[in-house]
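> Quick one, what's the 3D model for this:
(chains A and B)
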Protein chains: 2
Amino acid sequence: MEEDDPRERRSPEERERALMKALPAVVSHVFARAPGYRKRDPEVVPEEVTDRAALAKLKLLRKAELPELQRADPPFGGLSVIAPPQAAKLFSSPGPVFELEPRSVDPWRASRALRAAGFKAGDVVHNSFSYHLTPAGTMIETGAHALGCAVIPAGTAPTEAQATAAAQFRATAYGGTPSFLKVLLDRAAEMKLDLSSLTRASVTAEALPAALRKGLAERGVQVLQWYGTADAGLIAYETPAMEGLVVDEDVILEIVRPGTGDPVPQGEVGEVVVTILSGDHPLLRFATGDLSAILPGQSPCGRTNVRIRGWMGRADQSTKVRGLFVHPS
Amino acid sequence: MEEDDPRERRSPEERERALMKALPAVVSHVFARAPGYRKRDPEVVPEEVTDRAALAKLKLLRKAELPELQRADPPFGGLSVIAPPQAAKLFSSPGPVFELEPRSVDPWRASRALRAAGFKAGDVVHNSFSYHLTPAGTMIETGAHALGCAVIPAGTAPTEAQATAAAQFRATAYGGTPSFLKVLLDRAAEMKLDLSSLTRASVTAEALPAALRKGLAERGVQVLQWYGTADAGLIAYETPAMEGLVVDEDVILEIVRPGTGDPVPQGEVGEVVVTILSGDHPLLRFATGDLSAILPGQSPCGRTNVRIRGWMGRADQSTKVRGLFVHPS
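Coordinates of the predicted model:
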């Protein structure tokens, strides 16, 4: 299989020790540099946040709170450890919610998802996510560059021009939504363009129906998905085993009862909450608003981290999940 | 004034010696790695191209030829020293003409133009050029990053969202077209957003009427322009002296009689032809199709390189330039 980060195969105990060892340093760093966090949890002693029970006492930071927090204390609500002039790129997503890309290689940690999907140095990656004001395009691009790939920044350019460029450059891999990948392949076929070079895809931002994945596989493209947000970057990613999404190595993941900050019993559906242990763009207990659940056991691919089921709906509304109604409060 | 590259202030003789010393090595490199060039000039001995007279014997590479050359020998007509998998980014401009961005810091050399326009580390640059399939967006972004600026990749996002982001991040500088800068400032004013932080702009891709420049200056924005193409990157740039555009330090510029490869007498209007002495993305005698002329004398800003007048029309049609008809053949 593809060459990967040895951290992906360490024992769960070793990983948990490493995460919990890093946690108090990250909380201290965030409390010192991002006063908005300290204001939310004035009683917390950062150095004492050394396990999941202590972490679970921090207030959740809900995505839905961000517009108001950022309006009151622009630009980031006091929740970023760096100011806009120190960022690489600055974004605005619908809300509006303002985000930043730090100045580092692979700033969204997307390379781990792309590598699991078979992307490697020398690949020509056709990137159909927009680069304009929102970060999806740069997530794919920076991850692909970290692996040594070339990128066609196709974005939302007209489909015909995208198909022409993908064929001319013999694109080998695709990043974007799965539905647009089908549109692109269909258009290329209509135009009698040869896109047989394209054999791998890493998709996100919408559901991947089994029939669509199968149809794309029959056309020679292996499609794997990943899950992340514009605030957190990569959270979890599919591997060739295609059994759930493996959590990223720099993420502490919790599944909580929607409307509360309380972790649910393992395996139950709840809201995805992430703590990102990244030096220049950390997040503490960020509640994504998305529902998922831990998938018991380990991936047959050899990666040892916890897995989640795919996206199971939004936590901010009553949602029917696999026949059960989940209420947010 | 802004800190700049000492090469910009060397004596014209020293610059010419350095350019002519580098030239045969670049021609040798190109002939060895890009067989399309050798095929066009089989008689040329690269090591003997040591002065402008020898350079002027190479066949012009016309922009209008590229679609056919690239169709016959995809993707680059044998005219690139690297293949798509070795590029950072891959582009397609109307034609279609396919271009690449090499893997280097400041790959389009745009930082020189931005620095002359007052951009510096810590600036927040609002970039309104598209990132999608064409390289204008990345030219500004990579140049700004080379200087240590943060970038808002606004592209062609809706004007209201762009104005909101520029105000939220307190953008200090702008890259894009001059006409859209006016649209952006007008919309921000309508929305009662404070964009007084924005004081510098580097514009290109369209004419900059004196009245527009004056109007923008009255609103607090100093606007300087630069000239380049998707194939060549930066060719020449305005400085605070605002007397013509100073040629980039890695460019050998010729002005030739349109329809021929013959240099015109100094000061006469002709087609802009450039040779780019860049290790990973060189170009030999690329005929831009644009008309301009050498402006005699030196810039009062202290930069010693040759200056050209702004864009004076297209060479591929009879064009009336300052009252004179210029015929391409």
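
> Quick one: residues contacting A:Y37.
Contact analysis of A:Y37 by CB atoms under 8 Å, 6 or more residues apart in numbering or on different chains lists A:V30, A:F31, A:L61, A:G78, A:L79, A:L284. Quick note: C-beta positions are derived from backbone N, CA and C, even for glycine.

> For the fourth one, which three-state class applies?
Under the three-state scheme (DSSP: H, G, I helix; E, B strand; the rest coil), the conformation of A:G78 reads as coil.

> How many residues are close by it?
For A:G78, the count of nearby residues is 18 (other CB atoms under 10 Å in any protein chain shown).

> ok, the nearest residue to it once chain neighbours are set aside to chain B distance?
Distances taken as CB to CB, 6 or more residues apart in numbering or on different chains place A:G36 nearest to A:G78, at 2.6 Å, with adjacent residues excluded. Remark: distance between A:G36 and chain B (CB to the nearest CB, to the nearest Å) = 15 Å.

> Just the pLDDT at A:G36, thanks.
Looking at A:G36, its pLDDT reads 97.

> In a strand, it, correct?
No - counting by three-state DSSP, A:G36 is not part of a strand but helix.

> show me the contacts for it.
So A:G36 contacts A:L69, A:D73, A:F76, A:G77, A:G78, A:L79 (CB under 8 Å, 6+ apart).

> Now, of the residues you listed, which are buried?
Among these, those classed as buried by 16 or more other CB atoms under 10 Å in any protein chain shown are A:L69, A:F76, A:G77, A:G78, A:L79.

> what kind of secondary structure is the residue of the stretch 1-150 of chain A found nearest chain B in?
Here the stretch 1-150 of chain A gets closest to chain B at one residue, A:H132, 3.3 Å apart by CB to the nearest CB. Taking three-state DSSP as the rule, one finds A:H132 in the coil state.

> just checking, it touches B:P158?
No - using CB atoms under 8 Å, A:H132 is not in contact with B:P158, being 9.4 Å away.

> Counting neighbours, go ahead and name the busier of these two.
Under the criterion of other CB under 10 Å, the comparison of A:H132 against B:P158 puts A:H132 first, with 25 against 12.

> who touches the closest residue to chain B within the stretch 151-300 of chain A in this structure?
Using CB to the nearest CB, A:G155 is the residue of the stretch 151-300 of chain A that sits closest to chain B, at 3.3 Å. Going by CB under 8 Å, 6+ apart, A:G155 touches A:N127, A:S128, A:F129, A:S130, A:Y131, A:H132, A:G137, B:S130, B:Y131, B:H132, B:L133, B:G155.

> The third one is in contact with A:G176, isn't it?
Yes - here A:F129 reaches A:G176: they are 5.3 Å apart, a contact under CB under 8 Å.

> can you list residues touching both of these two?
Jointly contacting A:F129 and A:G176 under the rule CB under 8 Å, 6+ apart are A:I140.

> So which of the two has more stuff around it?
Between A:F129 and A:G176, counted using other CB under 10 Å, the more crowded position is A:G176 (27 against 23).

> Start and end of stretch A:94-109, how far apart?
Stretch A:94-109 has an end-to-end distance of 22 Å (criterion: CA to CA, to the nearest Å).

> ok, residues contacting it?
A:63, A:66-67, A:70, A:74-76, A:80, A:82, A:84, A:86-93, A:135, A:138-139, A:142-143, A:145-146, A:228, A:230-231, A:233-234, A:248, A:250, A:278, A:280-281, B:161, B:164-165, B:168-169.

> Let me see the mean pLDDT of that stretch.
Stretch A:94-109 shows a mean pLDDT of 96.

> ok, and for that stretch, which residues are buried?
In stretch A:94-109, counting by 16+ other CB under 10 Å, buried: A:P96, A:V97, A:F98, A:E99, A:L100, A:E101, A:P102, A:R103, A:D106, A:P107, A:W108, A:R109.

> Of all pairs in those, which one is the farthest apart?
Within those, A:P96 and A:D106 form the most distant pair, 25.8 Å apart (CB to CB).

> what's around A:I294, how many residues?
The tally of other residues near A:I294 (other CB under 10 Å) stands at 21.

> starting at the chain centroid, how far to stretch A:124-143?
Distance of stretch A:124-143 from the chain centroid (CA atoms, centre = their mean, to the nearest Å) equals 13 Å.

> how far does it stretch from start to finish?
With CA to CA as the measure, the ends of stretch A:124-143 fall 13 Å from one another.

> wait, what's in contact with A:L283?
A:L283 is in contact with A:L61, A:D231, A:A232, A:V274, A:T275, A:I276, counting by CB under 8 Å, 6+ apart.

> typed the wrong thing, it's A:S80
Contacts for A:S80 were tallied using CB under 8 Å, 6+ apart; they are A:A34, A:L100, A:H281.

> before we move on, what about A:V223?
A:P178, A:L181, A:R200, A:A201, A:S202, A:V203, A:L208, A:L212, A:R213, A:L216, A:A217.

> now swap in A:C301 and tell me
Neighbouring residues of A:C301 by CB under 8 Å, 6+ apart: A:M1, A:A116, A:T239, A:P240, A:A241, A:V246.

> Can you list the low-confidence ranges for chain A?
Along chain A, segments meeting pLDDT under 70 span A:1-3, A:317-329.

> ok, 80 please
Counting by pLDDT under 80, chain A shows low-confidence ranges at A:1-4, A:279, A:316-329.

> Can you classify A:P240 by secondary structure?
coil.

> Now do it against B:P240, distance only.
Distance of A:P240 to B:P240, computed by CB to CB, to the nearest Å: 57 Å.

> just to revisit the earlier point, looking at the contacts of A:S80, spot the one nearest B:E13.
Nearest to B:E13 out of the contacts of A:S80 is A:L100 (CB to CB; 47.2 Å).

> Any idea what the closest one is bridged to?
For A:L100, the beta-bridge partners under DSSP bridges are A:L90.

> the domain parsing of chain A - what is it?
A:1-85+A:244-329, A:104-230 (automatic domain parsing).

> Tell me how far the shortest one lies from the chain's centre.
So the one you mean is domain A:104-230. Relative to the centre of its chain, domain A:104-230 is centred 15 Å away, using CA atoms, centre = their mean.
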